[in-house]
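K.L.:
compute the structure for the input listed below.
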Amino acid sequence: MQKKFFPAVLIFMFTALLSQAQTAAVSNQPPVVPTYRPMPENKLVYGIFEGRPPCIEIARQFKVQVGEQCIKIKWRLYLFHDKNGNPSSYQLEGSFYHEKPRVGKWILSRGTKNDPGAVVIVLDPDKSNEAFHLLKGDDNVLFILNEEKELRVGNENFSYTLNRVKLVEHNPSELNNK
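P.N.:
Below is the predicted model of the structure:
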């Protein structure tokens, strides 16, 4: 009887310690990221998201010609809202959009191929051949979906996620001093 009771007590104590440690963890806060580019002005920001997804599949979806040497893309997505909190416009910077950011409208929608209730952000909803879908994992994570609104699978180096960041402006002259 005592031999059976002792492991049960150990398991209970270990579980109690784990659950207590999880509740004491720091809340999920976006990292602070420096930027040397000017922030978009006169717009209310819903969120700023960054990611480095694999290149080739996204290039195909965006109909952009890239070579096999394109391993990853680097993106920063600004989502803006109006004064009532409704989605309004977006700006996508980075790979494929170095010279001129991709801009357009975005909406909140529902449904992926496997989850009709999922919250989905749709970039350019009025352009069916250019619409781009992002599954909202939570307030801090967006998952890039394929053309059939299915999750994409990353690899050991890169994932199809965009993570919320908090940008802090820095002076571009600081770059010359480093």
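
K.L.:
can you find which strand in the protein contains the most residues?
P.N.:
If each strand of the chain is counted by residues according to DSSP state E, the longest one is strand 97-110.

K.L.:
partners of whichever helix or strand comes after it in the sheet?
P.N.:
Next helix or strand after strand 97-110 toward the C-terminus (DSSP states H and E): strand 119-123. Strand 119-123 pairs in its sheet with strand 97-110 (antiparallel), strand 132-138 (antiparallel), by DSSP bridges.

K.L.:
list the contacts of strand 119-123.
P.N.:
79, 87, 90, 92, 104-112, 131-136, 142, 145, 149 (CB atoms under 8 Å, 6 or more residues apart in numbering). C-beta coordinates here come from the backbone N, C-alpha and C atoms, glycine included.

K.L.:
quick one on the thing from earlier: out of the strands paired with strand 119-123, nearest to residue 58?
P.N.:
Nearest of the strands paired with strand 119-123 to residue 58, taken as CB to CB: strand 132-138 at 9.3 Å.

K.L.:
show me what whichever helix or strand comes after that closest one is packed up against.
P.N.:
Using DSSP H and E, the helix or strand that follows strand 132-138 in sequence is strand 141-144. Helices and strands touching strand 141-144, by 3 or more CB pairs under 8 Å, 6 or more residues apart in numbering; DSSP states H and E, are strand 132-138, strand 161-164.

K.L.:
quick one, strands of the chain?
P.N.:
32-35, 44-51, 75-81, 87-94, 97-110, 119-123, 132-138, 141-144, 161-164, 166-169.

K.L.:
confidence-wise, which of the strands paired with strand 119-123 is weakest overall?
P.N.:
Mean pLDDT is lowest for strand 97-110 among the strands paired with strand 119-123, at a mean of 91.

K.L.:
tell me the angle of that strand relative to strand 75-81?
P.N.:
On the basis of axes from the mean of the first three to the mean of the last three CA atoms, to 10 degrees, strand 97-110 is oriented at 50 degrees to strand 75-81.

K.L.:
still on that earlier bit, for the helices and strands packed on strand 141-144, give me JSON lines that also has mean neighbour count and distance to residue 71.
P.N.:
Formatted as JSON lines, the helices and strands packed on strand 141-144 follow (neighbours: other CB atoms under 10 Å; distance: least, CB to CB, whole Å):
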{"stretch": "strand 132-138", "mean neighbour count": "18", "distance to residue 71": "21"}
{"stretch": "strand 161-164", "mean neighbour count": "20", "distance to residue 71": "17"}
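
K.L.:
circling back: turn the strands of the chain into TSV, columns for distance to residue 64.
P.N.:
Converted to TSV, these look like this (distance: least, CB to CB, whole Å):
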stretch	distance to residue 64
strand 32-35	24
strand 44-51	17
strand 75-81	13
strand 87-94	12
strand 97-110	10
strand 119-123	15
strand 132-138	12
strand 141-144	15
strand 161-164	18
strand 166-169	25
